[in-house]
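A.B. asks: A predicted structure for the sequence below; I have some questions about it.
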Amino acid sequence: MHVTEQAEEILEAIWIARETKNIECPKLSDLREMPNNEILKELIDSGIIAKCGSEGIKLSENGWHEARDAVRRHRLAERLMTDILQIKKEMIHETACQFEHHLHKGIDRNVCTLLGHPKTCPHGSPIPSGACCEEQSRSVTQAITKLSDLKPGEGGHVAYLNTSEPKRSQMLISMGVVPGTDIKLLAGFPSYLFQLGQSQFAVDSEVAREIYIRR
């Protein structure tokens, strides 16, 4: 099912009304985004939303899935803007609104993995989890370990980075430490020396604990 960008904004607004105000059937006037009649008709005709009482609207079951995915993409976009691209704070929401609509067809999964499956957006609101988060949660104790826990000579593929420091994320990405990259630990003292392709890099123990490896 595909909805327009304007319709996605309305779905997000309904989701947020429930999340922040616990309103199941918000009135149109309660939404931060007021839908025009054309968008409202699009959403009703597609079965994504339905009228609720005389003035309210509510999401159908399919509508909740659509709204959840839209909110997830928006908040992942905000994290990407903040943690990696260092967009100015006052521009984050507007920029994320434009960028989120491009995070379809698995791109949101790639962004989520790159960011280490973040739980909240920069404003502290929860990011709905995706299939990649659930897979990571199941596999982290089975096949994924920190670079700091490897022994010299061991390696695998970079699974994800788990750091809240934008500069550190940028440093690791500039080295080529991104999900899917082959990595091998060469030494664990006095610093963690590892190999990526033909290049070698060294990081301290704190950074090594933030690089997760799939054996």
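C.D. replies: Arrived safely, thanks for sending. Since the model is a prediction, treat every value here as computed from it, not as a measurement. Residues are numbered from 1 along each chain as shown.

A.B. asks: the residue in the chain sticking out farthest from the centre in helix, strand or coil?
C.D. replies: Here the centre of the chain is the reference, and by Cα atoms, centre = their mean the most remote residue is residue 54, at 36.5 Å. Following DSSP: H, G, I helix; E, B strand; the rest coil, residue 54 is assigned to coil.

A.B. asks: now it: phi and psi?
C.D. replies: As for residue 54, its main-chain torsions (degrees, to the nearest 10) stand at phi -80, psi -30.

A.B. asks: and the gap between it and residue 25?
C.D. replies: Distance, residue 54 to residue 25, using Cβ to Cβ, to the nearest Å: 10 Å. Any C-beta I mention is one placed from the backbone N, CA and C, and that applies to glycine too.

A.B. asks: likewise residue 11?
C.D. replies: For residue 11, the distance to residue 25 - Cβ to Cβ - is 15 Å.

A.B. asks: before we move on, what about residue 5?
C.D. replies: Residue 5 is 24 Å from residue 25, by Cβ to Cβ.

A.B. asks: try residue 106
C.D. replies: Applying Cβ to Cβ, the value for residue 106 to residue 25 is 33 Å.

A.B. asks: of the two, which one has the most company?
C.D. replies: Under the criterion of other Cβ atoms under 10 Å, the comparison of residue 106 against residue 25 puts residue 25 first, with 17 against 11.

A.B. asks: sec struct for that one, please.
C.D. replies: Here residue 25 is recorded as coil under three-state DSSP.

A.B. asks: and residue 201, by the same measure?
C.D. replies: At residue 201 the chain is in strand, as set by three-state DSSP.

A.B. asks: need the contact partners of the helix or strand of the chain with the lowest mean pLDDT.
C.D. replies: One helix or strand of the chain scores below all others by mean pLDDT, DSSP states H and E: helix 92-99, with a mean of 72. Outside helix 92-99, the residues within contact range by Cβ atoms under 8 Å, 6 or more residues apart in numbering are 9, 74, 75, 77, 78, 80, 81, 82, 87, 122.

A.B. asks: all good on my end, thank you.
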